[in-house]
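A.B. asks: here you go, sequence then predicted model.
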There are 2 protein chains.
Amino acid sequence: MLEKNYEVEKEKVLELIEQKKFNQLKEYLGRINGADFPSIFEEIDDEDVLIVFRLLNKEKAAEIFTELDSDLQERLINSFSDVELKNVVDKLFMDDTVDIIEEMPSNVVKRILRTVSDKDRKIINEILNYPDDSAGSIMTTEFIDLKENMTVDEAFEKIKKIGLKKETVYNSYVLDKNRKLLGVIDIKNLLVADRNQKISELMDTNVIKVNTLDDKEDVARIFDKYDYVALPVVDKESRLVGIVTVDDAIDVMKEEASEDFEKMAAITPSEDGYYKTSVLTHAKNRIVWLLFLMFSSIVTGAVITHYEQAFAALPILVSFIPMIMGTGGNCGSQSSTLVIRGIAVDEIKTKDFLKVWWKEIRVAVIVGIIMAIVNCIRILIQYHDLQLGIVVGLTLIVTIMISKSLGSMLPLICKKLKLDPAIMAAPLISTILDTCSVLVFFNIAVAIMHI
Amino acid sequence: MLEKNYEVEKEKVLELIEQKKFNQLKEYLGRINGADFPSIFEEIDDEDVLIVFRLLNKEKAAEIFTELDSDLQERLINSFSDVELKNVVDKLFMDDTVDIIEEMPSNVVKRILRTVSDKDRKIINEILNYPDDSAGSIMTTEFIDLKENMTVDEAFEKIKKIGLKKETVYNSYVLDKNRKLLGVIDIKNLLVADRNQKISELMDTNVIKVNTLDDKEDVARIFDKYDYVALPVVDKESRLVGIVTVDDAIDVMKEEASEDFEKMAAITPSEDGYYKTSVLTHAKNRIVWLLFLMFSSIVTGAVITHYEQAFAALPILVSFIPMIMGTGGNCGSQSSTLVIRGIAVDEIKTKDFLKVWWKEIRVAVIVGIIMAIVNCIRILIQYHDLQLGIVVGLTLIVTIMISKSLGSMLPLICKKLKLDPAIMAAPLISTILDTCSVLVFFNIAVAIMHI
């Protein structure tokens, strides 16, 4: 339903530009939702984008600007006059300004910083200095601050005066004269209160807050847990310096999930999207793990060579290698994925490792026996060889038990050692298990078949 | 910082219960954040939990109740008197009531439904009837509705009167006399407006809304895109029936990511968490894919058997199978993971398949050449055999190019065929590529080495 609009809207915009019906265009643009513009801009010329921008009111232009691709942002800034640039930057919220600056080359950054006030420049530089993964780096400095001796009426007066310039009015923050955070008050509580009640009676003093240097992923988890729409960020002296809003927390969650997907596929996580990452960077992000995993699988190769005699005597053994290695790898990565995800969503804790292992080992026994029986039957039908069936069946049971144990324990061990559990995902687990599976297989084969 | 509190809080609660200092306990409980209770309850007896519940005020008791594990909820309901149950249910928001009902056995459901009014029972039954993955199933029916001819002052009067019973006051919805949705208004715009302005002048008529039957994952994506805190849900006749709030959208996103992780590790996604899923269900969720992948890898085994002569003549070839299969599988799953994730976050679209393929093929050439050179050098050093080095090197280049092509294209083909792209993740891709890699390897070996 929502997807279809863009094409119609884009056609209409282009038509009005071509016919130079700018008044009509201006009126039409006003009716389009800000978040739809990036899709509309996707395939129209920069010059036309510039025309559209000049027709938008300042607030909307700024809102849309933050949503654009950083390449387009850069090209637009280069086309803007100084006055136009100032108009846009003035209407941006601080966190968006910082986001844009982070993506721009230094000459553009200089131009942007020239348009802002000395005070704002200082704030921007401070936010830029917070580490990339900190709460400080994603916060905005526009929030509503109240005093505890204000009445509800006075609070509404203040909100009415400054509300439009603040990123959110849903929460207000009560500060003392040193800007220390005393409490928080939800707009709901202000709205249902009596006009002359004191803020101090209404505010919630049990404030969940984060520190500027807290990990932004922890901040996102707090949003998830407490269902907030904004969280206050304080500095070391408990002074309120900014807030993080829920939309930024959602971005962090999305980014975090993407990073985990990449790590779990043996890719060094990339800051940018798929298209924005260059071919060379893509290659670099992938080759490191490939080389590492290649060397590990050479070990498996060496193990196989060690049993050259066995498969020289019975070449059919070799044909089972892919199935046994594949099953071991898949079983291991099933367990490791569940545990890695369980750790990420805070369900599985390192102290529970025995509980997890006991669960996995029981799953392994069930899965192992089924896989063994199915294979044994197949081998009996195909090769009429019960001994071979027993060798493969036993190998599967042992391999699956090892796989599920290692698959579930290694991420927890990583977590315990303060390493990222996600490195123990499918690729590394599979490679480790390849060697185990082949060892188990040939040892069982040699023992039972006396080859 | 936040983690440490639970232990201290739990100790204090238990101490006060033991000493029967209930007044002090009541006062202490009031200071604990609602979202912290589930962690505090984790290791205390049901009877003590019940004592705590009886000391909480009704709103807080209801808020905490929604956050508890469904097993504990059930045990508590069974301990509640009818009056206590009614007190909790009365204070629940509709979406939370429905969530709880969905997890309870039928006798508990009957008790809950007996405590609610006829009107509420009808609404609950309606929400229960929406498909599990629909917007209707996650919406709540408590929202603020205004009329277009109201003044701002009248709107505030209404919000003051009914606000506390509504899940959010951040947005209000303007309805006509048939309850059709005319517009939406953010509390910010009400707060900064003049007291006697009409709602019709202030409301945004360009409302992004969803239908009761829309996929809840699409709803979550709209939240992400438009940065809303609530979205209106309308029925087929455009009447407003409920709203979805951002916290529920976050839950959907989390669930969706977990499902994708599971699918990508060859696991049938589970509705419940790791611990709540029984060993048998875990085994069932995993065995289906394992059996399927096992049969596919038998094909690879058959291919290897076909080249028995080649490795009988040169057994060292066998030792390269794990490395070549592993590299092919890893390269393929790198590409498929990036594409699957790109599709999930709406960055990669099916129409871009050529753009994606061209990017992957260039990455493949770079990665392939590096892997080939490294391997060739290793083989020269280890075996002093240039021919073998060339065979392995060439195999790697061809395999990696095939892997990256298939890895990137298959998820897009799935998407085009309206199948879930995530099924083309690591396990299936690796198994498909195993056969390809082995075929490429032996064909090149036979051609170059004349064996």
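C.D. replies: Arrived safely, thanks for sending.

A.B. asks: contacting residues around the nearest residue to A:Tyr383 once chain neighbours are set aside?
C.D. replies: Leaving aside its sequence neighbours, A:Tyr383 sits nearest to A:Ile316 (CB to CB, 6 or more residues apart in numbering or on different chains; 7.2 Å). Quick note: C-beta positions are derived from backbone N, CA and C, even for glycine. Shown in contact with A:Ile316 (CB atoms under 8 Å, 6 or more residues apart in numbering or on different chains): A:Tyr383, A:Leu388, B:Thr305.

A.B. asks: surely the second one and A:Ile379 touch.
C.D. replies: So that's A:Leu388. Yes - using CB atoms under 8 Å, A:Leu388 is in contact with A:Ile379, at 5.4 Å.

A.B. asks: how much space between A:Gly328 and A:Val345?
C.D. replies: Using CB to CB, to the nearest Å, A:Gly328 is found at 27 Å from A:Val345.

A.B. asks: ugh, typo on my part, it should be A:Glu217
C.D. replies: 12 Å.

A.B. asks: and A:Thr245, by the same measure?
C.D. replies: 22 Å.

A.B. asks: which residues of chain A score low on pLDDT?
C.D. replies: A:1-5 (pLDDT under 70).

A.B. asks: how is it carved up into domains?
C.D. replies: A:5-130, A:144-260, A:279-449 (automatic domain parsing).

A.B. asks: any idea which of those domains is most buried?
C.D. replies: domain A:279-449 (a mean of 21; mean count of other CB atoms under 10 Å in any protein chain shown).

A.B. asks: from the chain's centre, how far out does that domain sit?
C.D. replies: Centroid separation for domain A:279-449 versus its chain: 29 Å, with CA atoms, centre = their mean, to the nearest Å.

A.B. asks: and it, how far apart are its ends?
C.D. replies: End-to-end distance for domain A:279-449: 51 Å, by CA to CA, to the nearest Å.

A.B. asks: then stretch A:171-188?
C.D. replies: OK, stretch A:171-188 end separation, CA to CA: 9 Å.

A.B. asks: still on that earlier bit, export the domains of chain A to TSV and tack on distance to A:Ala266?
C.D. replies: Formatted as TSV, the domains of chain A follow (distance: least, CB to CB, whole Å):
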stretch	distance to A:Ala266
domain A:5-130	27
domain A:144-260	12
domain A:279-449	4
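
A.B. asks: nearest to B:Met401, out of those domains?
C.D. replies: Closest to B:Met401 of these, according to CB to CB: domain A:279-449, at 12.9 Å.

A.B. asks: contacts only, for A:Asp420.
C.D. replies: The contact partners of A:Asp420, by CB under 8 Å, 6+ apart, come to A:Lys263, A:Cys414.

A.B. asks: quick one: it from A:Pro269, how far?
C.D. replies: Separation of A:Asp420 from A:Pro269 (CB to CB): 10 Å.

A.B. asks: joint contacts of these two?
C.D. replies: With CB under 8 Å, 6+ apart, A:Asp420 and A:Pro269 have common neighbours A:Lys263.

A.B. asks: give me the subset of the contacts of A:Ile316 lying in strands.
C.D. replies: Using DSSP state E, the subset of the contacts of A:Ile316 located in strands is empty.

A.B. asks: between these, which is nearest A:Glu360?
C.D. replies: Comparing the contacts of A:Ile316 against A:Glu360 with CB to CB places A:Leu388 closest, at 28.5 Å.

A.B. asks: how much space separates A:Glu42 from A:Ile17?
C.D. replies: 15 Å.

A.B. asks: repeat for A:Ile324
C.D. replies: 64 Å.

A.B. asks: what of A:Lys236?
C.D. replies: The gap separating A:Lys236 from A:Ile17 is 52 Å, by CB to CB.

A.B. asks: just A:Gln309 next, same as before
C.D. replies: 78 Å.

A.B. asks: list phi and psi for A:Tyr275.
C.D. replies: phi -70, psi -30 (degrees, to the nearest 10).

A.B. asks: so the closest residue in space to it that isn't next to it in sequence is in which element?
C.D. replies: Of all residues not flanking A:Tyr275 in the chain, B:Glu347 sits nearest, at 6.9 Å (CB to CB, 6+ apart). Under the criterion DSSP states H and E, no helix or strand holds B:Glu347.

A.B. asks: I'd guessed B:Glu347 sits against A:Gly273; true?
C.D. replies: Yes - contact criterion CB under 8 Å: B:Glu347 and A:Gly273 qualify, at 5.1 Å.

A.B. asks: and the next helix or strand past the helix or strand containing A:Phe292?
C.D. replies: Using DSSP H and E, A:Phe292 sits within helix A:279-306. Beyond helix A:279-306 in the direction of the C-terminus, DSSP H and E gives the next helix or strand as helix A:308-313.
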